[in-house]
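In: Whatever this is, show me its structure:
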Amino acid sequence: MTNKTSLGLVFGGNSSEYEVSIASAKNIFNAIDQEKFDIHPIWITNQGYIASEEDSFKVLEDPNYQVEPRESVSNLTNLIQLTNRPEIDVFFPIVHGNLGEDGVLQGLFRLLNKPFVGDDVLASAITMDKEMTKILAARAGVPVAKWVSVYNYEYADKNHDKLSYDYIAEKLGTHDMFVKPSNQGSSVGISHVTKESEYLPALAEAFKYDDKVLVEEAIDGTEVETAVLGNEDPQVSGVGQIINQKGTWYSYDNKYTNQSTTTLEIPAKLPDEIVEQVRSNALKVYRATECSGLARIDSMLRKSDNKVIFNELNALPGFTNISMYPKLFEETGISYSDLITKLIEFAQKRFDHKATLLHKHE
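Out: Next up, the predicted model:
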C-alpha cells in the first residue's frame, strides 16, 4: 500500500470570516478520505499566529478554544511555528477573507514550492476585488450590474460628489442600491440602501472593512449560484436558487445563522435555457479571471426580463454543512468526500504542470 499524502489543512485567520473558516475546516476534516490523506490541521489564530498542531486539533473540536497570545509579529519565526510538524505534501487553505483568499497565503505556498488547493496568486488577488472581477466579467461579455466605486480619499472629502445619494442614484439609474466593501466576503459590511438617510451610514459601515467601496444597483430578482471544479477543462455544476423572504436579502445572518429566513433550492426550478445561461456565464467568468481548482459564481436572475446578471465570484467558497458549493456538486453525484479528493488532485496536477514548464527552460 502506498504512503498517504500529508495534507496541511490551513484555517482560521484574523478576518471577519474567522468563524466560517473554522466551521469549513471542521467539515473538511471530518469528511476527508483518511485512507488517502494524513491530515495535519494548521490553525491561524484570530491574532494572526500559526498555532501548534496540538492546539489546531483542539480548536476543531471546540471553535471557542483560545491560546495565549504571543509577542508581536516581528519576523517569520514569530509568525510561523512549524517545529515538530511533518513535511507537508499539499496544502488545503480554507482561510476566508483578507490574507487568506486574496493571494497572500497563496504566495507563501508558492514560496514554499508546495501544491495548494484553489486559485493561484493572480486569480486569488483578482477575484477578491469585486470591482476587478466585474471589469473582467464585462470584458468577457457577461452582463454585470451597474456600479460606482468610492475610494477612501473621496469619502474623506465631505463635499465629494460621490457622497451625494442623488448623484449616485442618477449614475445607477435607481435609488435602490447595495453598498459593499470591494474586498470582503460572506456579505460582511454590506448594506441595502433605499433612501438618502441610509446612504452615508452604509458607506461608513463598508469603509470599516476596505478602502474601496462599491455602490451597485439593486437587481429586482433572485440569486442563482453555480459551482465550478477543475483546471484547464473545468466542470460546471447545476444551478441553485436562493429564495429570500419578501423584504430580505442574502445577508451574513441568512447565510450562516440558525435565524436564517432563506431557502436554498437545489436544483433550481428554472427553465433549461436560463440554467444553461447561468452555467455558460459562470464558465466565461471562471476563465476570464484565470481561476483554477474551484469557484462559486453568483448571479441575479432579474425578474423583469429573466436576464442573468453576474454578481460576484467566490474563489474560496465555504465548506460548512449548509454551503452551496459542496451541495451543488453533491447534486451531480460527487460526494463531499470525493469533492475534497478531486480538489487535492487538481492542486497536484497544476503544481506538476508548472514544474514541467519550468524544467523546459532550464
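In: Looking at this protein, which helix is longest?
Out: Using DSSP state H, we find that the single longest helix of the chain is helix 336-360.
In: which residues touch that one?
Out: With contact meaning CB atoms under 8 Å, 6 or more residues apart in numbering, helix 336-360 is reached by 5, 7, 27-28, 31-33, 36-37, 90-92, 114-118, 120, 229-231, 292-294, 326, 329-330, 334. For glycine as for every other residue, the C-beta is placed from the backbone atoms N, C-alpha and C.
In: Apply the buried test to those residues and list what passes.
Out: 5, 7, 27-28, 31-32, 37, 90-92, 114-118, 120, 229-230, 292-294, 326, 329, 334 (16 or more other CB atoms under 10 Å).
In: Let's see which of those end up in strands.
Out: Counting by DSSP state E, the part of the buried ones among the contacts of helix 336-360 found in strands is 5, 7, 37, 90-92, 229-230, 293-294.
In: Tell me, how many residues neighbour Ser24?
Out: 25 (other CB atoms under 10 Å).
In: can you check Met128 too?
Out: By other CB under 10 Å, neighbour count at Met128 equals 25.
In: Report the contact partners of it.
Out: Contacts of Met128 by CB under 8 Å, 6+ apart are 98, 101-103, 183, 185, 315.
In: List buried residues within those residues.
Out: Buried by 16+ other CB under 10 Å: 98, 101-103, 183, 185, 315, out of those.
In: could these be laid out in a markdown table, adding distance to Glu19?
Out: Output for the buried ones among the contacts of Met128, formatted as a markdown table (distance: CB to CB, whole Å):
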| residue | distance to Glu19 |
| --- | --- |
| Asn98 | 15 |
| Glu101 | 16 |
| Asp102 | 19 |
| Gly103 | 23 |
| Asn183 | 19 |
| Gly185 | 13 |
| Ala315 | 19 |
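In: so who does Ala268 touch?
Out: Ala268 neighbours (CB under 8 Å, 6+ apart): 224, 238-241, 275.
In: Closest one of these to Glu53?
Out: Taking CB to CB as the measure, Glu53 lies nearest Gly240 of the contacts of Ala268, at 35.9 Å.
In: residues in contact with the nearest residue to that closest one once chain neighbours are set aside?
Out: Nearest residue to Gly240 in three dimensions, chain neighbours excluded: Ile266, at 4.3 Å (CB to CB, 6 or more residues apart in numbering). Shown in contact with Ile266 (CB under 8 Å, 6+ apart): 238, 240-241, 324, 327-328, 331.
In: swap the cut-off to 6 Å and go again
Out: Contacts for Ile266 (CB atoms under 6 Å, 6 or more residues apart in numbering) come out as 240, 327, 331.
In: from those residues, which is closest to Glu54?
Out: Lys327 (32.7 Å).
In: number of nearby residues for the closest one?
Out: Using other CB under 10 Å, Lys327 has 17 other residues around it.
In: Also Ile297?
Out: 33.
In: Also Pro69?
Out: Using other CB under 10 Å, Pro69 is surrounded by 11 other residues.
In: Against Gly318, how distant is Val188?
Out: Computed as CB to CB, to the nearest Å, the Val188 to Gly318 distance reads 13 Å.
In: For these two, indicate the residue with more neighbours.
Out: For Val188 versus Gly318, neighbours defined as other CB under 10 Å are more numerous around Gly318 (24 against 21).
In: how about that one, what does it touch?
Out: 20, 24.
In: What ranges does the protein have for its helices?
Out: 18-31, 53-61, 76-79, 104-112, 121-128, 130-139, 152-156, 165-172, 196-206, 252-256, 272-288, 324-331, 336-360.
In: Mind listing what's buried along the longest one?
Out: Pointing back at helix 336-360 there. Here helix 336-360 shows 336-337, 339-344, 346-347, 349-351 as buried, counting by 16+ other CB under 10 Å.
In: How about stretch 204-221?
Out: 205-207, 209-210, 212-219, 221.
In: picking that back up, in strands, which of the buried ones among the contacts of Met128 appear?
Out: Per DSSP E, the subset of the buried ones among the contacts of Met128 in strands is empty.
In: Check the residues you listed and tell me the two furthest apart.
Out: Gly103 and Gly185 (14.0 Å).
In: Ala138 is in contact with Val285, correct?
Out: No: applying CB atoms under 6 Å as the test, Val285 and Ala138 come out as separate, 9.9 Å apart.
In: Looking at the two, which one has more neighbours?
Out: Using other CB under 10 Å as the criterion, Val285 and Ala138 rank with Val285 on top: 26 against 14.
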